[in-house]
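A.B. asks: Please find the sequence and the predicted model below.
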Number of protein chains: 2
Amino acid sequence: MRLSSYFLPVLKENPSEAQIVSHRLMLRAGMVRQNAAGIYSWLPLGHRVLKKIEQIVREEQDNAGAQEMLMPTIQSAELWQKSGRYEDYGKEMLRITDRHERPLLYGPTNEEMLTDIVANEWKSYRDLPKILYHIQWKFRDEVRPRFGVMRGREFLMKDAYSFDLDQAAARRSYNRMFVAYLRTYARMGLKAIPMQADTGPIGGDLSHEFIVLAETGESGVFCDKALIERDVLGEGVDYNADLQPIVDSWTSPYAATDEKHDTARFDALPQERQVAARGIEVGHIFYFGTKYSKPMGAVVSGPGGEQITLEMGSYGIGVSRLVGAIIEASHDDNGIIWPMSVAPFHVGLINLKVGDADCDKASDDLYGKLKAAGLDVLLDDRDERAGAKFATMDLIGLPWQVTVGPRGLKSGVVEIKNRKTGEKEELSVEAALNKLSAAKV
Amino acid sequence: MRLSSYFLPVLKENPSEAQIVSHRLMLRAGMVRQNAAGIYSWLPLGHRVLKKIEQIVREEQDNAGAQEMLMPTIQSAELWQKSGRYEDYGKEMLRITDRHERPLLYGPTNEEMLTDIVANEWKSYRDLPKILYHIQWKFRDEVRPRFGVMRGREFLMKDAYSFDLDQAAARRSYNRMFVAYLRTYARMGLKAIPMQADTGPIGGDLSHEFIVLAETGESGVFCDKALIERDVLGEGVDYNADLQPIVDSWTSPYAATDEKHDTARFDALPQERQVAARGIEVGHIFYFGTKYSKPMGAVVSGPGGEQITLEMGSYGIGVSRLVGAIIEASHDDNGIIWPMSVAPFHVGLINLKVGDADCDKASDDLYGKLKAAGLDVLLDDRDERAGAKFATMDLIGLPWQVTVGPRGLKSGVVEIKNRKTGEKEELSVEAALNKLSAAKV
């Protein structure tokens, strides 16, 4: 992409409405614009990040054996009356009446709808087990939307639902999602720690929030330092194997949000391993048994003809929220620092002297070669001062910057800068190309 | 994907609520289920097709130089009051009131919102020209939703908007989209014919509908047979070149929907070139000048400081509707016939005798090899009769069927069937693999 024709409205000043750094940087880097309270448009740069995050989430759900589908945003109120949540949900639910005076709503979640679908389709135990998921926009009419996409009203979410014949099988599904979540966040360069969460009236220990540590986090969290120092999970997970040992290894060290904090257990840790910090919730997984399958009639026949009410769980990841969470976890005073896997472009290529025949030719040439190597490249071909160009690149946070200038070209080199470490080196075009190709995820 | 664990609820009987063949086949093939009038869930098989169509649309928009972004589904009523369309739109617009009694609506289209965004961001002629697009769910509260996804209430649409400094530039943007649309439909195996459409009060000739011929089409169409016999556009379009000759070559032969039909011009054609048929609208492109930029204040400064009101056009493709349109254009009595480019899976692999060690081994082996060759494969590993397996494969319409049976294996062959032509041949596993790899799009 050539910056001269790209829709990238960067802001020099900090917008006054933004209270947290991710909101500020997303506005300044021209990633989003607010259209109404808590409702955002994703401009091209922001959209690229959103899509890359969505794709990582999708791939890891698929790897774990979940099947993608897509439910609509608008739901019939009838379903929610059946489950008993229509009244409970209160004003956070956006309620709608259509031209025929039928009550609809903008789905805040999909337990009812999917349970209704499977209740109509599945008759036999042979239809189980299954994990189904979708990635769709949801709406929650927050009283006071704020923090940009971290707490918007319209937000993109991956929600998965597991259906099993008994509790032991439900736990296996739960474990699959648990491990898939660890993999998902690790691929985005995030250290997300699973913390035991409230299970409500159902009880049991099968509810975890995944929390990213960040100073601006919405809740206080307490955990054993061992969890922060752990290596993240590698690629070769066999989802058909017993995953309980992996889950146990992550859940046995102490970790809790302030809601579930157990001071005695925390204090029993050696002092140097006590971490008290703030965190951002980026996922929540939850086993809830027959809470929805019973009222919605999701029942199948067993091998002996007996009736089995399905055991269910649900598993959410806030996809649009993750864009903000990654920025909260990875930025400096100059702007965003994208991990390679979710960067809108891998490389920012700066032509220092647009209009200079040698610089133009070398830039265009390198642009073509980097793209041919499979890298996403943003070429700054604007007629601007060098300072403004460097500032824009630092702000939008592409992992690698390559600068092509007249002086370097004379000695056959370009300058490469690593956005994260700030390290710069001069390399021949050939060597630069090799280095960046190797850095590609 | 293994069919034994795939969520694919096929129906043996024709559902009574479906009036047209695409709706019938999408229900029977387990692609969609209705959740409320005109509101559908896309089950895994249907979702795969939807995503493949979406991706072709995206790639061709990108090739034409359009930039992807994403606007929200919920819009503020205020924007529409500004353009004057809030009242005009009538009951088709789904109107919503939030918890703070603010009037919102579910976007049926995005001219207002995007014009408002660019009016805030662009100040100079140097910000132009641009074509921006998004692929997002829309809602139109039809009185009588019907024909499945062909005329649903919640539907997926690609809508692009062009912004230019003058009419000549606006026509160049229009031509880019015109050509991109030809390419898009061609890649899906559709012959879509551009037909002059109503421009409303603005006048001019810059409005075309793209129509696919199908017996079940909603409108009558008339055209010169030359358009049907034309070769579709190849890949190597240079969008920076003058596209007017390509556009002219498609718009000079006669073609019109019954709304714009000119009997005299049609009758002047040699009888053997007069085609009177029915058609399905799959796209609409439209130049509308300053209709929205004027009331929304989308104005930039020109080189001499003069104020320029932007010239705009909009360009829609019904992505979810295309799933139905492709089926209308490509099916037989046994089911759907997917073109390779949008098929949910490229190959249906039938293990004729599940439980037979040789058949299982050969099937699993071929399944792995086909996937390694980059093909999407659905393996029927269910313990079912051969007849039921063949019927399912014909119904869901995968382009290639490969049957592994005990008799064939004894002589070292599998059977390959082309779903479209019905041709069958026996090939060695090696030869089958080569043939299918070569057929991949």
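C.D. replies: On my side now, so go ahead.
A.B. asks: By residue count, which strand of chain A is the longest?
C.D. replies: The strand that spans the most residues within chain A, counting by DSSP state E, is strand A:274-289.
A.B. asks: So which other helices or strands are in contact with the helix or strand harbouring A:Cys223?
C.D. replies: Using DSSP states H and E, A:Cys223 sits within strand A:219-224. With contacts taken as 3 or more C-beta pairs under 8 Å, 6 or more residues apart in numbering or on different chains; DSSP states H and E, strand A:219-224 sits against strand A:192-196, strand A:207-213, strand A:255-257, strand A:274-289. (C-beta placed from N, C-alpha, C; glycine too.)
A.B. asks: Would you mark the buried spots in the third one?
C.D. replies: Okay, so that is strand A:255-257. If you call a residue buried by 16 or more other C-beta atoms under 10 Å in any protein chain shown, then strand A:255-257 has these buried ones: A:Ala255, A:Ala256, A:Thr257.
A.B. asks: Identify all contacting residues around that strand.
C.D. replies: Residues outside strand A:255-257 that contact it (C-beta atoms under 8 Å, 6 or more residues apart in numbering or on different chains) are A:193-197, A:209, A:211, A:219-224, A:227, A:262, A:266, A:279.
A.B. asks: just the buried members of these?
C.D. replies: The buried subset of these (16+ other C-beta under 10 Å) comprises A:193-197, A:209, A:211, A:221-224, A:227, A:266, A:279.
A.B. asks: Put together CSV for these, with pLDDT on each row.
C.D. replies: Listed next are the buried ones among the contacts of strand A:255-257 as CSV, based on pLDDT from 0 to 100:
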residue, pLDDT
A:Ile193, 96
A:Pro194, 96
A:Met195, 94
A:Gln196, 88
A:Ala197, 83
A:Glu209, 95
A:Ile211, 96
A:Val221, 94
A:Phe222, 95
A:Cys223, 96
A:Asp224, 96
A:Leu227, 94
A:Phe266, 96
A:Gly279, 95
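A.B. asks: Tabulate those residues (JSON lines), appending distance to A:Arg183.
C.D. replies: As requested, the buried ones among the contacts of strand A:255-257 are arranged in JSON lines below (distance: C-beta to C-beta, whole Å):
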{"residue": "A:Ile193", "distance to A:Arg183": "14"}
{"residue": "A:Pro194", "distance to A:Arg183": "12"}
{"residue": "A:Met195", "distance to A:Arg183": "18"}
{"residue": "A:Gln196", "distance to A:Arg183": "20"}
{"residue": "A:Ala197", "distance to A:Arg183": "20"}
{"residue": "A:Glu209", "distance to A:Arg183": "17"}
{"residue": "A:Ile211", "distance to A:Arg183": "16"}
{"residue": "A:Val221", "distance to A:Arg183": "21"}
{"residue": "A:Phe222", "distance to A:Arg183": "25"}
{"residue": "A:Cys223", "distance to A:Arg183": "20"}
{"residue": "A:Asp224", "distance to A:Arg183": "21"}
{"residue": "A:Leu227", "distance to A:Arg183": "16"}
{"residue": "A:Phe266", "distance to A:Arg183": "28"}
{"residue": "A:Gly279", "distance to A:Arg183": "19"}
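A.B. asks: Out of the residues you listed, which is nearest to B:Glu425?
C.D. replies: A:Pro194 (53.4 Å; C-beta to C-beta).
A.B. asks: what about the closest one, distance to A:Glu59?
C.D. replies: Distance, A:Pro194 to A:Glu59, by C-beta to C-beta, to the nearest Å: 20 Å.
A.B. asks: and the residue of the stretch 201-350 of chain A nearest chain B?
C.D. replies: Closest to chain B within the stretch 201-350 of chain A is A:Ser320: 9.8 Å, counting by C-beta to the nearest C-beta.
A.B. asks: got the contact list for that residue?
C.D. replies: So A:Ser320 contacts A:Leu50, A:Val149, A:Gly152, A:Phe155, A:Leu156, A:Met157 (C-beta under 8 Å, 6+ apart).
A.B. asks: Tell me which entries of those residues lie within helices.
C.D. replies: Of the contacts of A:Ser320, the ones assigned to helices by DSSP state H are A:Leu50.
A.B. asks: Stretch A:32-42 close to chain B?
C.D. replies: Yes - Stretch A:32-42 is in contact with chain B by C-beta under 8 Å from any C-beta of the partner chain, via A:Arg33, A:Asn35, A:Ala36, A:Ala37, A:Ile39, A:Tyr40, A:Ser41, A:Trp42.
A.B. asks: how about low-confidence regions in chain A?
C.D. replies: Counting by pLDDT under 70, chain A has low-confidence residues at A:200-205, A:441.
A.B. asks: one step back: so what strands line up beside the strand holding A:Cys223?
C.D. replies: Applying DSSP bridges, strand A:219-224 is found paired with strand A:255-257 (antiparallel), strand A:274-289 (antiparallel).
A.B. asks: what's the offset of the helix or strand that comes right after the shortest one from the middle of its chain?
C.D. replies: Okay, so that is strand A:255-257. Sequence-wise, the next helix or strand downstream of strand A:255-257 (DSSP H and E) is helix A:263-267. Centroid separation between helix A:263-267 and its chain, computed with C-alpha atoms, centre = their mean, to the nearest Å, is 31 Å.
A.B. asks: same question, stretch A:208-219
C.D. replies: Distance, centroid of stretch A:208-219 to centroid of chain: 13 Å (C-alpha atoms, centre = their mean).
A.B. asks: Stretch A:412-425 too?
C.D. replies: On C-alpha atoms, centre = their mean, the centre of stretch A:412-425 falls 29 Å from the chain's centre.
A.B. asks: what sits up against that stretch?
C.D. replies: Under C-beta under 8 Å, 6+ apart, the answer for stretch A:412-425 is A:337-338, A:362, A:366, A:393-394, A:397-405, A:408, A:426-429, A:432, A:435-436.
A.B. asks: try it again with 7 Å
C.D. replies: A:337, A:397-404, A:408, A:426-429, A:432, A:435 (C-beta atoms under 7 Å, 6 or more residues apart in numbering or on different chains).
A.B. asks: Any quick PyMOL command for the buried ones out of the residues you listed?
C.D. replies: Only the buried entries of these go into this PyMOL selection, using 16+ other C-beta under 10 Å:
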select buried, chain A and resi 337+397+398+399+400+401+402+403+404+408+427+429+432
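A.B. asks: residues from the stretch 101-250 of chain A in reach of chain B?
C.D. replies: A:Leu104, A:Met113, A:Ile117, A:Glu121, A:Lys130, A:Leu132, A:Trp137, A:Phe139, A:Asp141, A:Val143, A:Glu154 (C-beta under 7 Å from any C-beta of the partner chain).
A.B. asks: and those residues, which are buried?
C.D. replies: For those, buried by 16+ other C-beta under 10 Å: A:Leu104, A:Met113, A:Ile117, A:Glu121, A:Lys130, A:Leu132, A:Trp137, A:Phe139, A:Asp141, A:Glu154.
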